[in-house]
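> this one's structure only:
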């Protein structure tokens, strides 16, 4: 995703902000013990969660991101103790058909115990685009494997909707709705950093997730929206 190519070196630093810290703790708890497992970090960015997976015992970690800049920084930020470890990174688009075949990873289809996708699904413009992403994820998982995804809370956002504009005061983050649809809306996010980080993503309503999950072949969808 070209909108992230210039932010690679800055992206990991944003993980130390208050909200990402809470998200990271949730992710660590949700993943739990990964000892001996093969896991996929979908939309891995600079590899923050890939490293977390390795530290939590994963035998093999494959990180895939659409941004070459992110992958370049993921490789640079690999700690010395993990340089000969289980992590490998690839540039790839989860909306692209036959993703694993195109990356030369066809042998890994259907072999992953878990897929972790942090802030991937919110880049799907509608349920059809979301289904393409989920098709590749379903294709990666072995029978009984699971997907854990972090995405904006569609229950909250569907209720309060496109009129929302978020200003975080001192943090300075701004969330602006730029387009509205029957099934969701498009947002422009401005993150107060140096330099300023801006990107566009989408909020799809719950029904869109339900359609896409079923179309991709998943049999169970559960939400943990926090308290």
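Cool, the structure landed. Keep in mind the model is a prediction, meaning the values are calculated, not measured. Numbers count the residues shown, from 1 in each chain.

> which residues does residue 190 contact?
173, 174, 176, 196, 197, 198 (Cβ atoms under 8 Å, 6 or more residues apart in numbering). Just so you know, the C-beta spots here come from the backbone N, C-alpha and C atoms, and that holds for glycine as well.

> What's the local residue count around residue 146?
By the criterion of other Cβ atoms under 10 Å, residue 146 has 13 neighbours.

> any idea what it is structurally, helix, strand or coil?
Put simply, residue 146 is strand when judged by DSSP: H, G, I helix; E, B strand; the rest coil.

> Across the sheet, point out what pairs with it.
In this structure, residue 146 bridges to residue 114 when assessed by DSSP bridges.

> quick one: it from residue 197, how far?
31 Å (Cβ to Cβ, to the nearest Å).

> Is residue 53 in contact with residue 39, as I believe?
Yes: the criterion here is Cβ atoms under 8 Å, and residue 53 meets it with residue 39 at 5.1 Å.

> Now the common contact residues for those two.
In contact with both residue 53 and residue 39: 31, 61, 116, using Cβ under 8 Å, 6+ apart.

> would you say the second one is within a strand?
What that stands for is residue 61. Yes: assessed with three-state DSSP, residue 61 lies in a strand.

> How many residues are close by the closest residue in space to it that isn't next to it in sequence?
Once flanking residues are discounted, residue 61 sits nearest to residue 87: 4.5 Å by Cβ to Cβ, 6 or more residues apart in numbering. A total of 23 residues lie near residue 87 under the criterion other Cβ under 10 Å.

> Would you agree residue 87 is in contact with residue 54?
Yes: under the contact definition of Cβ under 8 Å, residue 87 touches residue 54, with a separation of 5.6 Å.

> give me the beta-bridge partners of the spatially most central residue of the chain?
In the chain, the C-alpha nearest the mean C-alpha coordinate belongs to residue 118, at 2.6 Å (Cα atoms, centre = their mean). Residue 118 has these beta-bridge partners by DSSP bridges: residue 150.

> related to what we said a few turns ago, wait, which of the contacts of residue 190 is closest to residue 105?
Relative to residue 105, the closest of the contacts of residue 190 is residue 197; by Cβ to Cβ it sits at 30.1 Å.

> With the flanking residues excluded, which residue is spatially nearest to that closest one?
residue 191 (4.1 Å).

> Kindly report the same for residue 32.
residue 56 (7.4 Å).

> Then residue 82?
residue 54 (5.6 Å).

> correct me, but the one you found touches residue 63?
No: assessed by Cβ under 8 Å, residue 54 is found out of contact with residue 63, at 10.1 Å.

> residues shared between the contacts of these two?
Common neighbours of residue 54 and residue 63 (Cβ under 8 Å, 6+ apart) are residue 87.

> Show me which of those two is the more surrounded one.
Using other Cβ under 10 Å, the more surrounded residue of residue 54 and residue 63 is residue 63, with 28 against 23.

> Counting neighbours, what do you get for the closest residue to residue 208 other than its chain neighbours?
Of all residues not flanking residue 208 in the chain, residue 127 sits nearest, at 4.1 Å (Cβ to Cβ, 6+ apart). For residue 127, the neighbour count with other Cβ under 10 Å is 22.
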